[in-house]
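Chemist: When you get a sec, could you give me coordinates for this:
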Amino acid sequence: MTVFFDIDGTLLDDDDATRAAALALLRQHRAVFDLSDDAFVRRWKDLAATHWRRYERREVTFAEQRRARVIDMFWASEEALSVADADDLFGVYVRHYERNWGLFPNVLPCLDALAGRPLGVISNGDPAQQRKKLERTGLLHRFAAITIAGEVGVAKPDPAIFREACRRIGRPAQACTYVGDQYLTDAHASAHAGLRGVWIDRLGASVESPDDVIDIIHTLADLPRALGQHAHARSRCRLVSSLVDRLDGRCEKWR
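Modeler: So this is what the prediction gives:
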């Protein structure tokens, strides 16, 4: 079984890095904002999500969505920014963001436990930045195939990006698993493309009717066991199917 991973929120603790970088930006401009730390971070994340969706729809470039976050953040504080000022401020944010990149605690033990399996990455994002994350965190060499939306022209949840990743690693979709922290964009979308979807539900969120082709885990420490259970279940299904075929053959002789 080939296993693909998402990056942000799955391997890399993006929330922690984002929060640290946003607060570093706030500390430099505290006089401009009448917001608590938590309120500032929430506002920053909301703007990031809004403009990232515009980037995914190809309405703006990667650089433009970055710039728009800063301009909108400071516009709310009634401080107008030029394009150059916005780029400089985002540069401050990026330096702190990159400085705070870190893996979730169970990432390396999980990947070690999966040694021998083909591993890959499927990620929405800017190719240079996403590869830089893998390189800085020491993960780049662990993956046989890396598929990033900015390179292939389609993004999750489009089934095409999952199928392209399977093509690149040379495996059919039904022989692949995709692991991500977003139920719809990662687990459900990959299952829709024919892979086995695994949702990392770290917060214990509730989903009323999870698909029967989606496994739910709460930490990457649970992944090797979940994959083993799935492989065992598939083996049992094949055994049952074989027995049924043999019984059908025997019954045919007596008809």
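
Chemist: CA atoms for contacts and neighbours, from now on please.
Modeler: Fine.

Chemist: can you give me the helices for the stretch 151-255 of the chain?
Modeler: 159-169, 189-192, 223-253 (DSSP state H, counting those that start in this stretch).

Chemist: Any regions of the stretch 101-250 of the chain where pLDDT drops low?
Modeler: 206-213, 229-250 (pLDDT under 70).

Chemist: can we see that at 90?
Modeler: Applying pLDDT under 90 to the stretch 101-250 of the chain picks out residues 125, 203-214, 228-250.

Chemist: hey, where'd the strands end up in it?
Modeler: Per DSSP state E, counting those that start in this stretch, the stretch 101-250 of the chain carries strands over the ranges 119-123, 145-148, 176-180, 196-200, 214-217.

Chemist: Just put those in TSV and tack on distance to L81 and mean neighbour count.
Modeler: Below are the strands of the stretch 101-250 of the chain laid out as TSV (distance: least, Cα to Cα, whole Å; neighbours: other Cα atoms under 10 Å):
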stretch	distance to L81	mean neighbour count
strand 119-123	32	23
strand 145-148	32	22
strand 176-180	36	26
strand 196-200	39	26
strand 214-217	44	20
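
Chemist: Compare these and give me the one nearest T10.
Modeler: Nearest to T10 among the strands of the stretch 101-250 of the chain is strand 176-180; the distance by Cα to Cα comes to 5.6 Å.

Chemist: where's that closest one relative to the chain centroid, distance-wise?
Modeler: 10 Å (Cα atoms, centre = their mean, to the nearest Å).

Chemist: ok, and what's touching that strand?
Modeler: Outside of strand 176-180, the residues that reach it under the criterion Cα atoms under 8 Å, 6 or more residues apart in numbering are 1-7, 9-10, 166, 186-187, 190, 195-200.

Chemist: and if we set it to 6 Å?
Modeler: 1-6, 10, 186, 195-200 (Cα atoms under 6 Å, 6 or more residues apart in numbering).

Chemist: ditto for stretch 215-226
Modeler: Outside stretch 215-226, the residues touching it (Cα under 6 Å, 6+ apart) are N106, C110, V198, W199, I200, D201, R202.

Chemist: in the strand or helix carrying L26, what counts as buried?
Modeler: In this structure, L26 sits in helix 14-28 according to DSSP states H and E. Neighbour-count burial for helix 14-28, with 16 or more other Cα atoms under 10 Å as criterion, is recorded at D14, A17, T18, R19, A20, A21, A22, L23, A24, L25, L26.
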